[in-house]
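Novice: Sequence and predicted structure, then a few things I'm wondering about:
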Amino acid sequence: MSLASLGLTDEQERLYRYLLRHPHLDADTVDLVMPEARRVLAELRAFGLVGEALTAIPPAAAVDLLVRRRIEQTRRRLTELTMAWDVLTELTEEHRSGRLVQMVEHIPDGPAVTRRMRALLAENPGEFAHVTTRAHSSTPYDPRPFQRLLARGLRSRTLFPAWALADPAHDPHARSLHALGDLHRVTAEPTRHLAIVNRAVAFVQADPHGPEAGALEIRQPGLVAMLADVFDGMWDRARDLHDLPLSPVEQQVLHALTRHDTDETAARSLNVSVRKFRAHVADLMARLGAATRFQAALRAKERGWL
């Protein structure tokens, strides 16, 4: 029997079954199991089906977790049926006023979408929920306007896909925003661009395959409520940045840090420059929230990383 009915892709099920049969698989050989094995592994970890040491959780626990996830998805679909009452409200207003009630507006370009969202948040910096297909953008970004909104009390949450962490630039960028107050979590679920302002206005990409098409601004209450529920469900199932397992590079740096007396010998053991090693150590300390290397080692031990 396939696990597709419980929401796993063929790739995810294949790797999970393989890890069940090979509980002592080495991290260096995971790429030999199947194409894009590390991406699929990151998705299974985000689901909670695989632990830090490439160990698959027991089948009973896995099926229970997946069944609960499918029940939540079914609950969200049932919620969609309540939209009928909001459509009734819209139709009643059109009948009363004799004009079209515009609940959805097309905004043709990205900068205009950003300006619209910032204007809404500047008027009322209450809550901002955001699903993105990436954690880091190569285009220049000025965080100061958003920082001012956070300082005024804005509650901001951002979800991004697990596969984005394969790019070394994504993790530090997400963690820097997380530290500013824009809370970030990682999801293994499919993602589309979505932004919800104060649970009252939603923005979705007008063309799923063409970002240049701009976005749709949605004010229809039932639809916005449904999208907010979808986001909340994804957020609850997602993993916090601090809960993610160490990458192979981070594991090597941590062990070199505890086994060698100087940065020079530690860097040589990893075949990297001292400058590069110290940069890795600084990133690891930031992830652990440690002020000193000694404190970083203690916190790593508390998390079971040593």
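Specialist: Here it is on my side, so go on.
Novice: helix or strand for Leu66, which one?
Specialist: helix 59-80 (DSSP states H and E).
Novice: and if you look at Trp235?
Specialist: Counting by DSSP H and E, Trp235 is part of helix 221-237.
Novice: so what strands line up beside the helix or strand just after that helix?
Specialist: Downstream of helix 221-237, the first helix or strand assigned by DSSP H and E is strand 239-240. Next to strand 239-240 in the sheet, as set by DSSP bridges, lie strand 182-187 (antiparallel).
Novice: Run the chain-centre distance for the strand it pairs with.
Specialist: 5 Å (CA atoms, centre = their mean, to the nearest Å).
Novice: With stretch 270-278 instead?
Specialist: 29 Å.
Novice: How about residues contacting it?
Specialist: Residues outside stretch 270-278 that contact it (CB atoms under 8 Å, 6 or more residues apart in numbering) are Gln252, Val253, Ala256, Asp263, Glu264, Ala266, Ala267, His280. Placement of C-beta: from N, CA and C, glycine included.
Novice: tell me the strands in the protein, going along the chain?
Specialist: 104-107, 127-131, 155-161, 182-187, 194-197, 201-205, 215-218, 239-240 (DSSP state E).
Novice: what's the closest of these to Ala56?
Specialist: With CB to CB as the criterion, Ala56 lies closest to strand 239-240 of those, at 16.5 Å.
Novice: can you pull the contacts of Arg115?
Specialist: Counting by CB under 8 Å, 6+ apart, Arg115 has no contacts.
Novice: quick one: pLDDT of it?
Specialist: Predicted confidence (pLDDT) for Arg115: 88.
Novice: Likewise for Leu306?
Specialist: Residue-level pLDDT assigned to Leu306 equals 68.
Novice: Same question for Leu194.
Specialist: Leu194 carries a pLDDT value of 93.
Novice: and it, how many neighbours does it have?
Specialist: 20 (other CB atoms under 10 Å).
Novice: And for Arg175?
Specialist: 17.
Novice: For it, list the residues it contacts.
Specialist: Here Arg175 is in contact with His184, Leu241, Ala286, Arg287 (CB under 8 Å, 6+ apart).
Novice: any idea how far it is from Asp182?
Specialist: Arg175 sits 11 Å away from Asp182, going by CB to CB, to the nearest Å.
Novice: Stretch 292-306: which residues count as buried?
Specialist: Ala296, Ala297, Arg299, Ala300, Trp305 (16 or more other CB atoms under 10 Å).
Novice: so the fourth one touches Leu288, yeah?
Specialist: Yes: in terms of CB atoms under 8 Å, Ala300 counts as a neighbour of Leu288; the distance is 6.3 Å.
Novice: from the contacts of stretch 270-278, which single one is nearest Leu91?
Specialist: Of the contacts of stretch 270-278, the one sitting nearest to Leu91 (CB to CB) turns out to be His280, at 59.7 Å.
Novice: Return the distance of the nearest residue to Met103 once chain neighbours are set aside relative to Val104.
Specialist: Spatially, and ignoring its direct neighbours in sequence, Met103 is nearest to Gln220 (3.9 Å; CB to CB, 6 or more residues apart in numbering). Going from Gln220 to Val104 by CB to CB gives 7 Å.
Novice: now Asp142
Specialist: Taking CB to CB as the measure, Asp142 falls 30 Å from Val104.
Novice: hey, where'd the helices end up in this protein?
Specialist: For the chain, the helices defined by DSSP state H occupy 10-21, 37-47, 59-80, 83-97, 110-123, 144-151, 170-180, 221-237, 248-259, 263-270, 274-288, 293-302.
Novice: Give me whichever of those helices is most buried.
Specialist: By mean neighbour count, with neighbours taken as mean count of other CB atoms under 10 Å, helix 37-47 ranks first of those at a mean of 21.
Novice: Report the distance from that one to the chain centre.
Specialist: 13 Å.
Novice: what does that helix contact?
Specialist: With contacts defined as CB under 8 Å, 6+ apart, helix 37-47 is touched by 11-12, 15-16, 19, 30-31, 34, 50-51, 54, 56, 65-66, 69, 162-163, 165-166, 186-188, 238-239, 244-245.
Novice: Please identify which of the buried residues of stretch 292-306 is nearest to Gly210.
Specialist: Among the buried residues of stretch 292-306, Trp305 lies closest to Gly210 (CB to CB), at 42.4 Å.
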